[in-house]
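Novice: Take a look and give me a structure for this.
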Amino acid sequence: MTHENDLMQRLSSIGVNPHPDPDLPPWTEPPAMGEDLAARMKSLGLEDTRQDLENNGFAVIRNAFSPEECDQLMAAVRACSKLGAAKNILFKGNPLLFSALANKKMMTLAASFLGPDFLLMQYSSTVLGPGGTGFLPAGVKCFGLHSDQPATDPGKSNQTLYTAPRNRNNLLTCCVILSDGYTADTGATYVVPGSHRLRRFPDVQAITHAEKIAEPILGNRGDIACWDGNVWHAFGVRQIPGERIVMHISFAHPEGSEAEDDYDCIPAESFMGTPYQKELVQLLQRHPETGEILTAHPRRRRLYWEEASLRLMEWFPKAVGLWLYKKYFDSIVKKELTRVQRAQSENTPPKA
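Specialist: Predicted coordinates:
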């Protein structure tokens, strides 16, 4: 069965239109790879990975980090994720986090997908336990089906977080698997294969039936799960005891970088003169010789309050901060589940 037929069958089974909008702008392919990049792709064994990403909307970079590197990164993530999650973890100043960001396999795949001048959009981490802990909803495998481009449905809200046109691959999200692998039991991200070709946000029917049309990304410890910003994906809920520890890294094409986090406060000495200087200069849009800021972040004020609220929770004693964070996250989960349940009720025929 072809990818297109599989997607059509999945969506048609729940009454969702399996075709893209005919009025979408023409698709623009990524820039052609030069000889050097093509040679790096081949030497790193990424050609099939790139093909999977193009065909399915998601892929897995195998063996990107060794078990020893995973142990070190897990310790670093735990240290900066006091409440189970942390944004902008470069602010913590750990050189290990900078070097992980410049991972050769991940950077090479991103360059082939977004073009050579791609940027860092987000760099965060999560440490989550099984469903029912107060972080994620119990009794479901996945929730919150969405696409990152845009981050909200422009047909229902004008408060979009990411409004880059869907005329090319503007965003690539990479999830570094540090703990015990990626499966349905361990809380893997769920994706709807091929949905990136639709270039639209999932409707309420698709969101309601996410568990029926989506599947978990399967990966091992040290792998990196990647997905196209256009693909429909959902948060996975851990079904077994233990922790799910991951780093989330999103790269953007300059055309679609308006939602990047604010990294202007990172001092140049954090990366200048290091083996990863060239990569960080590119990702942070800094001066190639000095590492200084070229253009101030235009949305610093908006992002400040988002950052400040999380840091305030971390400032409290851990028990208090964790309680506040759980309340905050529970409210988001409750709203999402209520919306899905309402949608399901509206789409369920009345009993005879």
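Novice: State the helix or strand in which the most centrally placed residue in the chain lies.
Specialist: Centroid-nearest residue in the chain, with Cα atoms, centre = their mean: residue 173, separated by 4.0 Å. Assessed by DSSP states H and E, residue 173 sits inside strand 171-177.
Novice: ok so, going back, would you check that the residue nearest to the centre of the chain makes contact with residue 229?
Specialist: Yes - with contacts counted by Cβ atoms under 8 Å, residue 173 reaches residue 229, the gap being 6.8 Å. In this view, the C-beta of every residue, glycine as well, is placed from N, C-alpha and C.
Novice: Common neighbours of those two, please.
Specialist: Common neighbours of residue 173 and residue 229 (criterion: Cβ atoms under 8 Å, 6 or more residues apart in numbering): residue 148.
Novice: Following the chain onward from the strand holding residue 173, which element is next?
Specialist: Taking DSSP H and E, what comes next after strand 171-177 is strand 190-191.
Novice: still on that earlier bit, what helices or strands is the strand holding residue 173 leaning on?
Specialist: Secondary-structure packing of strand 171-177 (3 or more Cβ pairs under 8 Å, 6 or more residues apart in numbering; DSSP states H and E): helix 104-114, strand 224-228, strand 244-252.
Novice: what about these, which gets the closest to residue 16?
Specialist: Residue 16 sits nearest to strand 224-228 of all the helices and strands packed on strand 171-177, at 18.9 Å, using Cβ to Cβ.
Novice: what is the mean pLDDT for the closest one?
Specialist: Averaging pLDDT along strand 224-228 gives 97.
Novice: And for stretch 120-140?
Specialist: Per-region confidence: stretch 120-140 scores 74 on mean pLDDT.
Novice: For residue 326, give its distance to residue 113.
Specialist: 36 Å (Cβ to Cβ, to the nearest Å).
Novice: The two: which is more packed in?
Specialist: Neighbours were counted for residue 326 and for residue 113 using other Cβ atoms under 10 Å; residue 113 has more, 20 against 16.
Novice: Can you pull out the low-pLDDT segments for the chain?
Specialist: Along the chain, segments meeting pLDDT under 70 span 1-3, 130-138, 150-165, 256-259, 298-307, 332-333, 336-337, 339-352.
Novice: so where do the helices sit in it?
Specialist: Assigned by DSSP state H, the chain shows helices spanning 3-12, 35-43, 47-56, 67-80, 95-101, 104-114, 204-208, 210-213, 277-284, 300-315, 318-347.
Novice: Rebuild these as TSV, extending it with distance to residue 240.
Specialist: Shown next, in TSV, are these (distance: least, Cβ to Cβ, whole Å):
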stretch	distance to residue 240
helix 3-12	27
helix 35-43	36
helix 47-56	26
helix 67-80	18
helix 95-101	26
helix 104-114	28
helix 204-208	25
helix 210-213	17
helix 277-284	35
helix 300-315	27
helix 318-347	19
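Novice: do you know which of those lies nearest residue 179?
Specialist: helix 67-80 (6.7 Å).
Novice: Next, the angle from the closest one to strand 171-177.
Specialist: 100 degrees (axes from the mean of the first three to the mean of the last three Cα atoms, to 10 degrees).
Novice: For helix 67-80, output the C-alpha coordinates as CSV.
Specialist: The C-alpha trace of helix 67-80 is given here as CSV (Å, rounded to 0.1, in the frame of the first residue of the first chain):
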residue,chain,number,x,y,z
PRO,A,67,25.1,5.1,26.2
GLU,A,68,27.8,7.0,28.0
GLU,A,69,26.7,10.3,26.4
CYS,A,70,23.0,9.5,27.3
ASP,A,71,24.0,9.0,30.9
GLN,A,72,25.8,12.4,31.0
LEU,A,73,22.9,14.2,29.2
MET,A,74,20.3,12.6,31.5
ALA,A,75,22.2,14.0,34.5
ALA,A,76,22.3,17.4,32.9
VAL,A,77,18.6,17.4,32.0
ARG,A,78,17.6,16.3,35.5
ALA,A,79,19.7,19.1,36.9
CYS,A,80,17.9,21.8,34.9
